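> One predicted model, sequence on top.
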Amino acid sequence: MLEDTENLREALASAKRLEAALQQRVREQEMVLSGLQTLITVDDPAALAAKTFDLLRASVAFDAALILTVTGEELVCSDATDLSALGQSWPNSGFLRRVSEGRAAVAPANVRIPDWTASAYRPPPGAGLYVPIQLAGAAGVLVLCSREHGRYGSGDLAIATRLTLLVAQTLAARQQRRLADEARQASFERCAAIEANEAKSNFLANMSHEIRTPLNGVNTVADLLGRTDLSSRQSDMVGLIQESGRTLERLLNDVLDFSKIEAGRLTMEHRPFHLEDTLASVLDLFAAKADDKGLQFKAVMDASAQGWFEGDPLRLRQTVSNLLSNAVKFTKTGSVRVEVSAADEGAASRVSIVVRDTGCGFSQEAEGRLFSRFEQIQSSVTREFGGTGLGLAISRSLAQLMGGDITASSTPGMGAEFTLTFLARRSEAPVQAGVGPNLMDEVAVPRLRILVAEDNLNNQKIVGMVLEAIRAEVVFTENGRDALAALAVQQFDLVLMDLQMPVMDGLTATRTLRAQEALNGSPRLPVVALSANAMTHHVAEALEAGTDAHVAKPIRPDLLLSTITSLAAAAGGNAARAKAA
């Protein structure tokens, strides 16, 4: 009887232990579920680790908790309740390595584990639970520490082991949220940068228009005035005005080129050009400037550089002009020498243009800043010579766009040497069209009837002065709407269309005109965009809208007149045919 009672007591005790274990397991599962549900609501990635440690503490008491991640041959503390442990590292060897490879362990006293001596951080000296954990593709160790020696047993280890899934999922969620936050921040910064770049581009475009409009009056009128009968003193004065206007236009173009290069909008042409002829005008110009300063100027064209190449002759002239401008500017006595050669490299040739001078030179320290934007070699140079500090930066960018570079070397006080290299395919000479007479001379040009859409009264006067050279009959309107109204009732041979006007801009007026021509089956009337909106995308927009050419302000009279007469000749004189009919 006593034996049966004892057996019943043992069975009851066993059942109670089993029930307690099941209840503990249920509590753990409930904790994991509720913990995960709670963690889902935590938006701050930095708070997720702290929340995870709080959930762990609900099942296993500890004074410090660490997450060690295997990184190469080290274990690095990536998360911890003690912030002084973050970033500390220990060799992935010995006891810690065995745990990271899958062997959970209970340590009665952490001070007995030699691995901890490899770092300045020491965990609490009491008991420790060491559990392997998988962290976002890397192995790791979850360490729970107590100040009490012998605090943990196998039951605590089992609980901690089962909860590593919660820890791993939480840390993975934190990593995902951190990456998402970084992606959102990067997207925000990218959008802000795009908006800032667009704002800058719009600002520069507006400034270009506003500066070119008065500059049109300075340069174009000075050019026209210089072609009249003037006294020697008056010619000198006009020359000063022309040189000042050209300098201001070069500075403006530097700023606009810099903006286009920075925005990645600068495009290079690819067309045949004769290298020697392309450089001739630039070399002649600076030979004259050097002569004015009493400098010797020598240009040597190697036989290898003779002939035709394919590339962008305008940008090449711009780059060489900048190098020669600096050479002449910074040389007070001595000489400037230019050497041009080419070496075939497979399908293309590497053209080399070396500019040497005997000027002031520059130091090795200054060489490092030479091609930086907005940099002058020294402040005294800025005061003596001026400039934007963009010329060499732009020239190097252009050289790189042409597949080459610009290098420089110098000895202070003994001159400098700049070498421009670029790649260009050799080409055949293009078929040459007939060359017309100088349009500023008195020649027999058929009288044209031209409509000018221009809202600025000074620009109207300037265009009128230019068109006097071909004795054109000119009608002015102040916006695109009035221009279309005039075209509806009068016959014209050509339209000069400003792009930026009130009421209706030039692009809208041109698109409307082309639509009307298509609807009525009318002949195409030549339209020339005549605008201070002269950036690359402005030209492209004008041509896309239906203009036949784009002439930038400040106006070059010869360019405008040659454009007008060639377009009018190609159109056959619509107004003349209409009158004859």
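Alright, I've got the coordinates. Residues are numbered from 1 along each chain as shown.

> Can you pull out the low-pLDDT segments for the stretch 1-150 of the chain?
Scanning the stretch 1-150 of the chain for pLDDT under 70 picks out the ranges 1-4, 7, 11, 15, 18-49.

> so Asn550, which of the three states?
In this structure residue 550 is His, not Asn. Going by DSSP: H, G, I helix; E, B strand; the rest coil, the secondary structure assigned to His550 is strand.

> Please list all residues in contact with Arg337.
By Cβ atoms under 8 Å, 6 or more residues apart in numbering, the residues touching Arg337 are Phe297, Lys298, Ala299, Val300, Val354, Val355, Arg356, Asp357. Every residue, glycine included, has its C-beta placed from N, CA and C.

> Of these, keep whichever come out buried.
Phe297, Ala299, Val354, Val355, Arg356, Asp357 (16 or more other Cβ atoms under 10 Å).

> Val336 is in contact with the third one, correct?
If I follow you right, that is Val354. No: Val354 is beyond contact range of Val336, at 11.3 Å (criterion: Cβ atoms under 8 Å).

> for the stretch 351-500 of the chain, which spans come out with low pLDDT?
367-368, 372-390, 431-445.

> Okay, helices next: where are they in it?
364-367, 379-385, 391-401, 457-467, 480-489 (DSSP state H, counting those that start in this stretch).

> so what does the third one touch, helix or strand wise?
This means helix 391-401. Secondary-structure packing of helix 391-401 (3 or more Cβ pairs under 8 Å, 6 or more residues apart in numbering; DSSP states H and E): helix 232-263, helix 313-329, strand 405-410, strand 416-427.

> To Leu165, which of those lies closest?
helix 232-263 (50.6 Å; Cβ to Cβ).

> C-terminal to the closest one, what's the next element?
strand 271-274 (DSSP states H and E).

> Hmm, Tyr152 is touching Tyr130, no?
No: between Tyr152 and Tyr130 there is no contact under Cβ under 8 Å: 10.0 Å.

> Find the residues that touch each one of the two.
Common neighbours of Tyr152 and Tyr130 (Cβ under 8 Å, 6+ apart) are Val106.

> I'd guess Ile159 is in a helix, am I close?
Yes: counting by three-state DSSP, Ile159 is part of a helix.

> Number of residues surrounding it?
Residues lying near Ile159 (other Cβ atoms under 10 Å) number 21.

> How about Phe418?
23.

> how much space is there between Leu279 and Leu285?
11 Å (Cβ to Cβ, to the nearest Å).

> When these two are compared, which one has more neighbours?
Between Leu279 and Leu285, counted using other Cβ under 10 Å, Leu279 has the larger neighbour count: 23 against 15.

> same for the helix or strand containing the more buried one, what does it pack against?
Assigned by DSSP H and E, Leu279 belongs to helix 275-292. Judged by 3+ Cβ pairs under 8 Å, 6+ apart, helix 275-292 is in contact with strand 296-301, helix 313-329, strand 335-345.

> Determine which stretch of the ones you listed is the most buried.
helix 313-329 (a mean of 21; mean count of other Cβ atoms under 10 Å).

> chain center to it, what's the gap?
On the basis of Cα atoms, centre = their mean, to the nearest Å, helix 313-329 sits 24 Å off its chain's mean C-alpha point.

> what's the answer for stretch 91-108, then?
51 Å.

> now the end-to-end length of it.
One end of stretch 91-108 to the other measures 22 Å (Cα to Cα, to the nearest Å).

> repeat for stretch 116-130
Termini of stretch 116-130 sit 13 Å apart (Cα to Cα).

> Can you list the buried residues in that stretch?
Applying 16+ other Cβ under 10 Å to stretch 116-130 flags Trp116, Ala118, Tyr121, Pro123, Pro124, Pro125, Gly126, Ala127, Gly128, Leu129, Tyr130 as buried.

> I'd like to know how far the fourth one sits from Leu75.
What it means is Pro123. The value you get for Pro123 to Leu75, if Cβ to Cβ is used, is 13 Å.

> What sits closest to Arg511 if chain neighbours are left out?
Ala545 (5.1 Å; Cβ to Cβ, 6 or more residues apart in numbering).

> re the thing from before, now the helices of the stretch 351-500 of the chain as CSV including mean neighbour count and distance to Val474?
Below are these laid out as CSV (neighbours: other Cβ atoms under 10 Å; distance: least, Cβ to Cβ, whole Å):
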stretch, mean neighbour count, distance to Val474
helix 364-367, 13, 54
helix 379-385, 11, 43
helix 391-401, 21, 38
helix 457-467, 18, 5
helix 480-489, 18, 12
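
> Quick one: closest of these to Thr411.
helix 364-367 (9.5 Å).

> That closest one packs against which elements?
strand 405-410.

> How far off centre is the strand it packs on?
The answer for strand 405-410 is 24 Å, by Cα atoms, centre = their mean.

> can you check stretch 357-374 too?
With Cα atoms, centre = their mean, you get 25 Å for stretch 357-374.
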